[in-house]
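S.K.: Based on what follows, work out the 3D shape:
(chains A and B)
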Amino acid sequence: MSSQLVQFLFSGLTVGAMYALAALGYALIYNASHLVNFAQGEFIMLGAMVASVMVEARLPLPVAIAAGIAAATATGVLMERLAIRPARGAPHITLLIITLGVALVIRGAVQVVLGKGNHGLPPFSGEAPVHFAGATLSSQSLWVFGVTIAIVLLLAWYFGRTRSGKAMLATSHNALAARLVGIDTQWVLMGSFAMSGALGAIGGVLVAPITFTSYDAGVVLGVKGFAAAALGGLGSGPGAIVGGLLLGVLEALTAGYLSAAYKDVVAYLAILLVFIFLPRGLFGGQRTDRV
Amino acid sequence: MNRSRSRAGVAILAAVLLVFPLLGPGAYAYDLVIRISMSAVVVIGLNLLFGYTGQISLGHAAFYGLGAYASAILTTHFAWPALAAMAAGAAATGLLALAVSRPILKLSGHHLAMGTLALGLIASTVFNNETRWTGGSDGMPVPPLAMFGAELAGEFAWYVLTSLLLLVVVVAALNLVDSPAGRALQAIRGSETAARVAGIETARFKSRVFVLSAVLASVMGSLAAHYVAFITPGAAGLARSVEFLMMVVFGGMASVFGSIVGAAFVTLLPQFLHAFESWETLVLGLILTAAMIFMPGGIVPTLRGALARRRKEAAR
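M.R.: You can find the predicted model right below:
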């Protein structure tokens, strides 16, 4: 394998890990409510922006990262309480437009409070690169891989071993039946918004040292996270991870060998092609049409 | 909609458009009304697709942009006459919409929303990157609109053109909605399966209304490009698509006159927020969210419902 290819693969996997985390966020909310959250990308942006601005204000990096993740988690909870819950029972398309409205609110609030400039974080463990198979990796990539793996393991444990995780799974299979056996499905919905806020922000914070972020970065990131989710099958956990990594690699290869300007189109085309030719994605379960 | 009521609506609209110049408005007021009329035409098309037929599109600015860039590129680089460029843009947009309509309108709900969003993002990536033709993110100038050997210049001329166009489109849309085809579209919104069972070729109707709304957007994109004399990818980006959708849901889903109210509201709002420019996104988002929670039908249908209730109570 040429070292150039290795380079592309690694940078693709790094960005792909963030897409995977975003796709997991989509999956959580989709499973809890069959809703696609158009504000998912804003969580990524919010986490990265809050952390970056706090580092610029000379706060220690771990504090800044925790604050970024906390801000996005709180925003997820507030979104569910203030925007989704009051519209309970509204037609699907209404809820969809509400999430679009909340995305504008988050973007607008960040623009007002934190400004329009570009921000970034310093690498977590210094600038020194790591050499592997003839390719040069930033040490941040290792952080991205490590944290993503840890999160996936944590989620697997949570959904497989804990009561609240199993309650969430039960709700995703059949919300009415879950309610009948005493599961607080309202709590599940709020919990899934909180978790998807946190997942988005973690992805955003991890990648912030590699790519810059600004108040309007959320839209494209959100669409890419969704492309990853669709690629893997909407609502599937393993699908989200495979979809994210696959999308990241495809994008990096396109940027490297075809055209850097058109690398974003990979995700957009992926959405269209997957929906049209492979509506269940690679790992999706059955597709249900609700009449 | 009730026929006498829609006739009254057209009469009121015509009266407002006739009286407005008599008030002696300045260039600024003319400019606002011209832009409202242009957006309203796009929004009426989108409302036929989304409000009446129930098919969401988060990519309509792409069609608007295709028209705008077709006019800009064909007149600038190839010295085409403006009307020919506009027609070519509309035809190309219509063909493109027709080609993508069948596969994409098989989707529904959030799949359709994301699919059209992706389509719009692809178009705006092209507008941004084909710098040789489009000027890239800096945009490109567009020559004035020349028709029949004369240039359309000045706010009043543009006002007359856009007002007439708006009236024609309103009447046409009201007729369409009230025709068998219009009822077929509304049946699709109610339940696509039921519509198919009732013998409606749903795929063909959805495809036609998609093409119609795309062509309307393309023509208005061409006109707006000539009017503003400049086009940037931002005018055809995702934010613009969301703005069109916002106009539909503010004014009123499945309401032709609501489309005009929505276009006016979303166009005028930033004028009031002018002093707090950076607050615009936040305020628009808050209003959109609140409107969808408390007034999901939109302004015109909600007011109409309230009026009808009061009349019923008065009659009692």
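S.K.: Quick one: the strands in chain A, in order.
M.R.: In chain A, strands defined by DSSP state E lie at A:130-132, A:135-137, listed in chain order.
S.K.: so where's the stretch 151-300 of chain B uncertain?
M.R.: For the stretch 151-300 of chain B, no stretch has pLDDT under 70.
S.K.: Residue numbers of it in contact with chain A?
M.R.: B:191, B:193, B:238, B:242, B:245, B:249, B:278-286, B:288-289, B:292-293, B:296 (C-beta under 8 Å from any C-beta of the partner chain). (Glycine included, C-beta is placed from N, CA and C.)
S.K.: Return a ChimeraX selection command for the buried portion of the residues you listed.
M.R.: Buried members of these can be picked out in ChimeraX with the line below, counting by 16 or more other C-beta atoms under 10 Å in any protein chain shown:
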select /B:238,242,245,249,280,281,282,283,284,285,286,288,289,292,293,296
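S.K.: which ones are touching residue 166?
M.R.: All of this is about chain A. Contact analysis of A:Lys166 by C-beta atoms under 8 Å, 6 or more residues apart in numbering or on different chains lists A:159-160.
S.K.: ah, no, chain B please
M.R.: B:13, B:17, B:37, B:40-41, B:260.
S.K.: any idea how far it is from chain A?
M.R.: Distance, B:Leu166 to chain A, using C-beta to the nearest C-beta, to the nearest Å: 25 Å.
S.K.: Spatially nearest residue to that residue, not counting backbone neighbours?
M.R.: Nearest residue to B:Leu166 in three dimensions, chain neighbours excluded: B:Ser37, at 4.4 Å (C-beta to C-beta, 6 or more residues apart in numbering or on different chains).
S.K.: and the one you found, how many neighbours?
M.R.: 26 (other C-beta atoms under 10 Å in any protein chain shown).
S.K.: now swap in B:Ser57 and tell me
M.R.: Neighbours of B:Ser57 under the rule other C-beta under 10 Å: 29.
S.K.: Repeat that for B:Tyr28.
M.R.: B:Tyr28: 9 neighbours (other C-beta under 10 Å).
S.K.: Now do the contacts for it.
M.R.: B:Tyr28 makes no contacts at all, as judged by C-beta under 8 Å, 6+ apart.
S.K.: cool, A:Pro122 as well?
M.R.: The contact partners of A:Pro122, by C-beta under 8 Å, 6+ apart, come to A:55, A:61, A:209.
S.K.: Up against chain B, what does the stretch 151-291 of chain A have?
M.R.: Counting by C-beta under 8 Å from any C-beta, the stretch 151-291 of chain A sits next to chain B at A:219-220, A:223, A:226-227, A:230, A:261-262, A:264-265, A:267-269, A:271-272, A:275-276, A:279, A:289, A:291.
S.K.: 7 Å instead?
M.R.: A:219, A:223, A:226, A:261-262, A:264-265, A:268, A:271-272, A:275-276, A:291 (C-beta under 7 Å from any C-beta of the partner chain).
S.K.: of these, buried ones?
M.R.: A:219, A:223, A:226, A:262, A:264-265, A:268, A:271-272, A:275-276.
S.K.: Just give me the closest of those to B:Pro233.
M.R.: Nearest to B:Pro233, judged by C-beta to C-beta, of those is A:Asp264 at 13.1 Å.
S.K.: Wait, that closest one touches B:Thr125, no?
M.R.: Yes. If you go by C-beta atoms under 7 Å, A:Asp264 and B:Thr125 touch, sitting 5.8 Å apart.
S.K.: so how far is B:Ser207 from B:Ser101?
M.R.: When distance is defined by C-beta to C-beta, to the nearest Å, B:Ser101 is 4 Å away from B:Ser207.
S.K.: Could you check which helix or strand contains the most centrally placed residue in chain B?
M.R.: In chain B, the residue lying closest to the centroid (C-alpha atoms, centre = their mean) is B:Val42, at 1.7 Å. Taking DSSP states H and E as the definition, B:Val42 sits inside helix B:27-47.
S.K.: If you count neighbours, what's buried in that helix?
M.R.: Neighbour count says helix B:27-47 has B:30-31, B:33-47 buried, by 16+ other C-beta under 10 Å.
S.K.: Is chain A within reach of the helix or strand just after it?
M.R.: Of the helices and strands lying after helix B:27-47 in sequence (DSSP H and E), the nearest is helix B:60-77. No. Under the criterion of C-beta under 7 Å from any C-beta, chain A is not reached by helix B:60-77; the shortest gap measures 11.2 Å.
S.K.: how far out from the middle of the chain is the next helix-or-strand element following helix B:60-77?
M.R.: Sequence-wise, the next helix or strand downstream of helix B:60-77 (DSSP H and E) is helix B:82-104. From the chain centre to the centre of helix B:82-104 is a distance of 16 Å (C-alpha atoms, centre = their mean, to the nearest Å).
S.K.: can you give me the angle helix B:82-104 makes with helix B:60-77?
M.R.: Taking axes from the mean of the first three to the mean of the last three C-alpha atoms, to 10 degrees, helix B:82-104 and helix B:60-77 form an angle of 150 degrees between their directions.
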